[in-house]
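# dropping the sequence and predicted coords here.
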Amino acid sequence: MTQPLVVELVDVTKNYPGVKAMNEVSIQFHAGEIHAVIGENGAGKSTMMNVMAGATQPNGGKLMVDGKETTFPSPLASQAAGIGVVYQELSLCMNLTVGENIMLPELAKRGGLSPLASVKAGHAAKPVLERLGIGRLDPETPVAKLSVAQQQLVEIARVVNQDVRLLVLDEPNSALSPAESEKLFEVVRGLREQGVSIVYVSHHLEEVLNLADHFSVMRDGQIVASFEKTDNVTTDTLVSHMVGRDVAVADQYSTRTSVQDVFGDTVLKVDGLTVPGVFEDVSFDIAKGEIRGVAGLPDSGKDYLGDAIFGLNQRSGTVEVNGIRLSPNRPVHSINAGIAYIPADRRGAGALLSMSVAENTIASSLKRFLRGGLLHRKLIRSTTEDYIGRFDTKVAALDQAIATLSGGNQQKIILSRGLVTEPKLLILHEPTRGIDVGAKAEIYDILKLLAADGLAILMISSELPEIVLHTSRALAMAEGQVTGQLSGADINEESIMALATRSRRHLT
Amino acid sequence: MSDCMTASQDRSSSRLKTRAPLWLRLIARKELGVFLALVVMCIFLSFATSGFLTSLNLLNVGRQISLLGIMAVGMTFVLISGEIDLSVGSTYALSGLSTGLFIIMGLGVLPAVLVGIMVGVAIGLVNGVLSTYGRLPSLIATLGMMSIVRGIALLMTDGQPVTVNERNGAIPQVLERFEFLGQGYLFGVIPMQLVFFAIIALIGWLLLSGTAFGFRVFAVGGSAKAARVSGINAERVKILSFVIMGGLAALAGILSMAFLPSGQAGRTGLGLELDVIAAVVVGGASLSGGVGTVLGTVLGVLIIGVLRNGLVLMGVSPFTQEVMIGLVIIIAVAIDKWSTRNRAS
């Protein structure tokens, strides 16, 4: 290793209640090199980034900068040491110009009355834009007018402008087209030539293979494999290391054998479904009694699929339930046709957070609880009690605010609300996100019973074990398209990952 | 809000044993604080003044608060649905004046009143459509409508006062019946305005706490997105709330016209929207939506009415009265906010 060491982690451990997010992680970042860190959701990549950014404190191990042990009690300390992080979520001020955004950290340091002109003026930001090879970008342009790709470059420019020696990029190309990604890679390679050490965190294995000098694969809070560019590593090797736990985890859950594999008539028919800019031409059917999974990375478009089918956003293409064609933007129509939808954002879109358990249970079927124009309280009570008993939901009282329940119990109430409408199709998006293991298992059991009773279920999930163990067929999506369909024993983490990381230009 | 839905409902035996006993649930009711404040105020005034605790004065207070109360019931729906309506003072003026003019033109009481109400309903509809499909914040939409409606009233009357009497052309029998609405007494004792308020409050309470529509108002105000996922048409619910508000503001304006019986577009109901919002907020409704009850609103209206009456009886100057009322609004809402924050944490 000829290049000098910039930052090194030695046996760094970070515990969260019940989870070892980082377990004795040791990793080195050298000047003028691109180091790719890859791994599934929850592998520990974000925790490692947060430790380096000073956003969280490790429980053990050493953090070395230029060979000297140090600590980052705050993000400011990390920045002072020359570490810059560009997060996946952009944090630009949309009301300001390119130049103002780049100079923002500088402005923040100034006294309240110091004159602005010198910093605010466009030319102050010019050098860093030229350094990144994007000197054609006018510093006077409002950021809001730029494309997402350009905004990302501005964000990188802002961080690089802070005399950065180690630049961490979190999923930088997840929202970019192939051409835009190529531009980004040019910028990243340019920084490498200038001696910056770059940590590139990504799911996109093929791109990473072409770009990086080193590869570290994380899984379950540990670094499970490391490669050099010269090792001629392939995506298959990386994928197998990313998911390597297949058998080990499967044993903890029930096995696939209880998933039904024989189906009845078609319930849902989706044809040519397109949400502009998110995904296009998605077509599939779901049969009575089937649990259909949809897997994909965060930028695959799968996260908009539930909303689109249920009719919460603009779409083109057709959605039919039992032969009835649904109109877009009419959730009421979808419910009447027999869809129950459980969105991923449980607190924001799922639960009626200001209302009680009983109210949440009946909210989608108010008409059935009217007697002479008034809500029939006894009927509401008995129905709610039925469902609480059926799903073993832990509630203190029926008028308890749903906000005070645990995530798992909230989810059971929202599930009840859907089932009270007597649906034909249940759509779940991240059905067990943020739910503890015990309640997870209960929810899977409930879903299997419902499927056995003939309910068609669409389960959109980022958690691969969920898809592998609890679905009868599964779709994989990547970059806004369906890249493949799996069924039965073919559904495993490797096969899903291979489809989910396939990029568009390799399809055509 | 859960209280209005389930707290009072169940005497049936429950599998869930952890239900609080009745006295605890009564204490936990949000309206209790406002109610206690009202009781304390009444007791104090009974001793501090000789004129407060007489049936004449109490009925007088009842009449004085009625118009504010009728509008406050409507505002309760609008605030719970997560919106606000600043145009109600102008609606009050335009509807009252319209009905007055129609009576002067020789129309009967019923058609004249209906026209006035329809004016209010139409204004509510415009407010609602602008604030939902028009994607304007209701603060802005109704601020604009406040000015527009006031302007229409000024144009319609040329800024001149409108007095409903025989000299101006009203038919004597019609005038008598119209004035009864605002000045009359039921059974010779209860002011008609108070009768209207009581009926409106009762209907409002039933609608909000007992019907599917009331449920939807709470759901939409609590989280419009979750309500949509539940299959509730949030736009329709909000528009209906504005329409109810508009109709009730119109009714109050018409009753005011019948009481006085005159009005002037430049003065009638000026600033009334803020009194209405203040009363509802003192009654425990939240400006951010999802929270409120008709009972609380009625108590809020009573607090403001009793306070004003008591200050007059005690000979406090009108200027000082304004300061006192402002203080009560701030203190009442502060207590409510601080206590809910403590409960949450």
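Done, it's in. Numbering: from 1, shown residues only, chains lettered A, B, ... in the order given.
# could you list the low-pLDDT ranges of chain B?
In the predicted model, chain B carries pLDDT under 70 at residues B:1-29, B:339-345.
# let's see that with 90 instead.
B:1-37, B:50-51, B:55-56, B:60, B:169, B:188-189, B:286, B:325, B:328-329, B:331-345 (pLDDT under 90).
# centroid-nearest residue for it?
residue B:72 (1.4 Å; C-alpha atoms, centre = their mean).
# repeat that for chain A.
Residue closest to chain A centre, computed by C-alpha atoms, centre = their mean, is residue A:298 at 4.3 Å.
# contacts only, for the residue nearest to the centre of chain B.
By C-beta atoms under 8 Å, 6 or more residues apart in numbering or on different chains, the contact set of residue B:72 is B:276, B:279, B:280, B:283, B:297, B:298, B:300, B:301. Placement of C-beta: from N, CA and C, glycine included.
# those residues: which two are farthest apart?
B:276 and B:298 (13.0 Å; C-beta to C-beta).
# of these two, who's got more company?
Comparing residue B:276 with residue B:298 by other C-beta atoms under 10 Å in any protein chain shown, the one with more neighbours is residue B:276, at 34 against 25.
# what comes into contact with the helix or strand containing the more buried one?
Residue B:276 belongs to helix B:272-282 when elements are defined using DSSP states H and E. Outside helix B:272-282, the residues that touch it by C-beta under 8 Å, 6+ apart are B:34, B:68-69, B:71-72, B:75-76, B:79, B:84-89, B:92, B:146, B:287, B:292, B:297, B:300-301, B:303-304, B:325, B:328-329, B:332-333.
# near chain B, which residues of the stretch 351-500 of chain A?
Contacts of the stretch 351-500 of chain A with chain B, taken as C-beta under 8 Å from any C-beta of the partner chain, map to A:351-356, A:358-359, A:363-364, A:366-367, A:369-370, A:373-375, A:377-378, A:380-381, A:385, A:389, A:395-401, A:417, A:421.
# and if we set it to 7 Å?
Residues of the stretch 351-500 of chain A lying close to chain B (C-beta under 7 Å from any C-beta of the partner chain) are A:351-356, A:358-359, A:363-364, A:366-367, A:370, A:373-375, A:377-378, A:381, A:385, A:395-399, A:401, A:417.
# about what we covered before: list the helices and strands whichever helix or strand comes after the helix holding residue B:276 packs on?
Reading on from helix B:272-282 to the C-terminus, the next helix or strand found by DSSP H and E is helix B:294-313. Helices and strands touching helix B:294-313, as assessed by 3 or more C-beta pairs under 7 Å, 6 or more residues apart in numbering or on different chains; DSSP states H and E, comprise helix B:32-48, helix B:55-80, helix B:192-210, helix B:272-282, helix B:318-344.
# just to check, residue A:265 is in contact with residue A:287?
Yes: between residue A:265 and residue A:287 there is a contact at 6.5 Å, judged by C-beta atoms under 7 Å.
# which of these two has more residues huddled nearby?
Just comparing residue A:265 and residue A:287: by other C-beta under 10 Å the higher neighbour count belongs to residue A:287, 17 against 12.
# the more buried one contacts residue A:267, correct?
Yes: in this structure, residue A:287 is within contact of residue A:267 by C-beta under 7 Å, at 6.4 Å.
# between the helices and strands packed on helix B:294-313, which gets nearest to residue A:49?
Comparing those against residue A:49 with C-beta to C-beta, the closest turns out to be helix B:318-344 (32.1 Å).
# buried sites along that closest one?
B:321, B:325, B:328, B:329, B:332, B:333, B:336 (16 or more other C-beta atoms under 10 Å in any protein chain shown).
# got it, and stretch A:491-506?
A:491-503.
# do stretch A:55-63 as well
For stretch A:55-63, the neighbour count (16+ other C-beta under 10 Å) marks A:55, A:56, A:58, A:61, A:63 as buried.
# reformat these as TSV; add distance to chain B.
Compiled in TSV, the buried residues of stretch A:55-63 are given as follows (distance: C-beta to the nearest C-beta, whole Å):
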residue	distance to chain B
A:55	25
A:56	24
A:58	30
A:61	35
A:63	35
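# looking at the buried residues of stretch A:491-506, which is nearest chain B?
Set against chain B, the nearest of the buried residues of stretch A:491-506 by C-beta to the nearest C-beta is residue A:500 (26.6 Å).
# now do the helices in the stretch 101-250 of chain B.
Applying DSSP state H, counting those that start in this stretch to the stretch 101-250 of chain B gives helices spanning B:109-131, B:138-157, B:172-183, B:192-210, B:212-222, B:224-229, B:234-259.
# what's the closest of the ones you listed to residue A:196?
Proximity to residue A:196, assessed across the helices of the stretch 101-250 of chain B by C-beta to C-beta, is greatest for helix B:224-229 (42.0 Å).
# which among the contacts of residue B:72 count as buried?
B:276, B:279, B:280, B:283, B:297, B:298, B:300, B:301.
# quick one: contacts for the nearest residue to the fourth one once chain neighbours are set aside?
In space, and not counting its chain neighbours, residue B:283 is closest to residue B:300: 2.8 Å by C-beta to C-beta, 6 or more residues apart in numbering or on different chains. Each residue near residue B:300 by C-beta atoms under 7 Å, 6 or more residues apart in numbering or on different chains is listed here: B:34, B:72, B:279, B:280, B:282, B:283.
# the fifth one - how many residues pack around it?
With neighbours defined by other C-beta under 10 Å, the count for residue B:282 comes to 28.
# likewise residue A:77?
14.
# okay, it: pLDDT?
For residue A:77, the pLDDT comes out at 91.
# check residue A:249 too.
In this model, residue A:249 carries a pLDDT of 41.
# next: the one 10 residues further on.
According to the predicted model, the pLDDT of residue A:259 comes to 53.
# I'd say residue A:142 and residue A:99 touch.
No: contact status for residue A:142 versus residue A:99: not in contact, 10.4 Å apart, counting by C-beta under 7 Å.
# please say which of the two ends up with more neighbours.
Neighbours were counted for residue A:142 and for residue A:99 using other C-beta under 10 Å; residue A:99 has more, 26 against 13.
# quick one on the thing from earlier: of the helices of the stretch 101-250 of chain B, which is nearest residue A:197?
Comparing these under C-beta to C-beta, the one sitting nearest is helix B:224-229, at 42.5 Å.
# what sits up against that closest one?
A:312, A:331, A:341, A:343, A:348-353, B:82, B:219-220, B:234.
# give the closest residue to residue 60 in space, chain neighbours not counted.
Answering for chain A, as no chain was given. Nearest non-adjacent residue to residue A:60 (C-beta to C-beta, 6+ apart): residue A:13, at 4.1 Å.
# chain B was what I was after
residue B:309 (7.5 Å).
# so that neighbour touches residue B:63, yeah?
No: using C-beta under 7 Å, residue B:309 is not in contact with residue B:63; the gap is 10.8 Å.
# hmm, back to that, lowest-confidence entry in the contacts of helix B:224-229?
Lowest pLDDT within those is found at residue A:348 (88).
# and the stretch 151-300 of chain B, which residues reach chain A?
B:210-212, B:215, B:218-219, B:222-223, B:225-231, B:233, B:290-291.
# again, only this time at 10 Å
B:206-207, B:209-216, B:218-234, B:236, B:286, B:288-291 (C-beta under 10 Å from any C-beta of the partner chain).
# buried ones among the residues you listed?
Among those, those scoring as buried are B:207, B:209-216, B:218-234, B:286, B:289-291 (criterion: 16+ other C-beta under 10 Å).
# one step back: tell me, which of the buried residues of helix B:318-344 make contact with chain A?
Contacts with chain A are made by none of those, judged by C-beta under 10 Å from any C-beta.
# for those residues, which one is nearest chain A?
residue B:336 (15.2 Å).
# give me the neighbour count for the residue lying closest to the closest one once chain neighbours are set aside.
Leaving aside its chain neighbours, residue B:336 sits nearest to residue B:284 (5.9 Å; criterion: C-beta to C-beta, 6+ apart). The local packing of residue B:284 (other C-beta under 10 Å) involves 25 other residues.
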